[in-house]
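J.: Below are the sequence and a predicted model for it; my questions follow.
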Amino acid sequence: MSFDISAIRSDFPILGREVNNRPLVYLDNGASAQKPQVVIDAVAKAYSEEYSNVHRGLHYLSNVTTDKYEAVRGKIAKFLNSPSEDNIVFNSGTTEGINLVAYSWAMPRFEAGDEIILSIMEHHANIVPWHFLRERLGVKIIWVDVDETGDLDPEKVIAAMTARTKLVAITHMSNVLGTVIDVKTITRAAQAKGAAVLVDGSQSAVHMPIDVQDIGCDFFVITGHKLYGPSGSGAIYIASERIAEMRPFMGGGDMIREVGRDIITYNDAPMLFEAGTPGIVQQIGLGVAIEYMMDVGMQAIAKHESSICDYARSKLDELDWLNVQGNSHTKGAIFSFTLDSPAHAHDISTVLDKKGIAVRAGHHCAQPLMEYLNVTATCRASFAMYNTTQEVDALVDGLELCNELFS
Ligand code: PLP
């Protein structure tokens, strides 16, 4: 498939609707992306024709559902260039993926005084589980700040590593500033010092090709609803050496081999970390979404979004009453901003909403970054493969109206 923006837009039925009597301009993709018809159809087909529980039944529908569900592991392995589908653990999204690493890998292994390095740009999903370890084990969290452009020099992360560093848990792309971090350089240095690296790919995997073998990281998390798939779907790539070190933290069906009154034997990974009935149809939908993205082509998506990003940067730069947070040379198409006027981010988003423009307002689950930037909240416009330069123009018109109203 070549990159044909009108064909792509027509694949997403919701983009044809109006909001507040205006054509929808959906710029809240960083929070969750819209779904193409193929995903909606796959979900409807699963429930209307091919649904049963997975792994357990010997009947036709259970086998068909299991085959479709398990086939997604291979699709995600290909999407991330994982060496094997056995390195892909299914889950409900990034939050569950990072909690798995915290409870199954870090909790049994870390001791008081061990160090976890985080960037100041992390989403709460990649902060709170490490606070649990700080509270319960006495682990230290070491923060690395961005510079004034919102850039994060990998050398700063490397300089923060000590003999006590056990883990670097770092975002690949900031959900607030759009900064893309050189996680490969960080991974190389961390592993030379005996520390593991968890990469939060929640935002990056939507916008660029991912190669976990090239990055060399130990853990890479993705979340399905941002990847044009259903909410409640997701996965984590875990390097084989780390899988061997992990103990399951959630117990239940599917992750065991045999359970007796006084004995238990466990299933192999990845199922060892997938207790209970999973998000069956969500995961099937995610497989279709990932195929859709790969058909469009991750390079083509990256190229299109890079041109949208350049256009938006130049247009927003012209608004001298607008303060865009972060201007890194590695920035992707995520723009967080405030106005010079005292208007709250919520007021700006309400005015934009009246014009059919959906943006996010608040702290974006990144309170340490908000504190560092000395703002309580920002508005965020985050772009996806189906956005256009005309939609950037609509945003600029909406912001001009906000400036008139609030200054
Ligand atoms: N990490 C980043 C960078 C995110 O942007 C998000 C979602 O906004 C998350 C983690 C959490 O993802 P989820 O809520 O799907 O688990």
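T.: Looks like it came in fine.

J.: Looks to me like Gly210 is in a strand.
T.: Just so we're on the same page, residue 210 is Ile rather than Gly. No - read with DSSP: H, G, I helix; E, B strand; the rest coil, Ile210 is coil and lies in no strand.

J.: Could I get the contacting residues of it?
T.: Phe79, Leu80, Asn81, Gly201, Ser204, Phe220, Met298 (Cβ atoms under 8 Å, 6 or more residues apart in numbering). Backbone N, C-alpha and C define where each C-beta goes, glycine included.

J.: Which residues of the chain lie near the ligand?
T.: Proximity of the chain to the ligand (Cβ under 6 Å from any ligand atom) is limited to residues 93-95, 123, 125-126, 171, 175, 200, 202-203, 223, 225.

J.: circling back to that earlier point, can you pick out the most distant pair from the contacts of Ile210?
T.: The span of the contacts of Ile210, defined through Cβ to Cβ, is set by Phe220 and Met298 at 14.8 Å.

J.: Which one's more surrounded, the two?
T.: Comparing Phe220 with Met298 by other Cβ atoms under 10 Å, the one with more neighbours is Phe220, at 28 against 17.

J.: hmm, back to that, next step: the residues of the chain next to the ligand restricted to helices.
T.: Counting by DSSP state H, the residues of the chain next to the ligand place Thr94, Thr95 in helices.

J.: Mind putting the residues of the chain next to the ligand into CSV with neighbour count?
T.: Rendered in CSV, the data for the residues of the chain next to the ligand read as follows (neighbours: other Cβ atoms under 10 Å):
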residue, neighbour count
Gly93, 26
Thr94, 25
Thr95, 20
His123, 21
Ala125, 21
Asn126, 27
Thr171, 29
Asn175, 25
Asp200, 30
Ser202, 27
Gln203, 26
Thr223, 29
His225, 23
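
J.: any idea which of the residues of the chain next to the ligand is closest to Ala361?
T.: Asn175 (13.8 Å).

J.: residue ranges of the strands in the stretch 201-350 of the chain, please?
T.: 219-223, 234-238, 256-259, 264-266, 322-325, 334-339 (DSSP state E, counting those that start in this stretch).

J.: and those strands as a markdown table, adding mean pLDDT?
T.: Shown next, in a markdown table, are the strands of the stretch 201-350 of the chain (pLDDT from 0 to 100):
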| stretch | mean pLDDT |
| --- | --- |
| strand 219-223 | 98 |
| strand 234-238 | 98 |
| strand 256-259 | 96 |
| strand 264-266 | 97 |
| strand 322-325 | 96 |
| strand 334-339 | 96 |
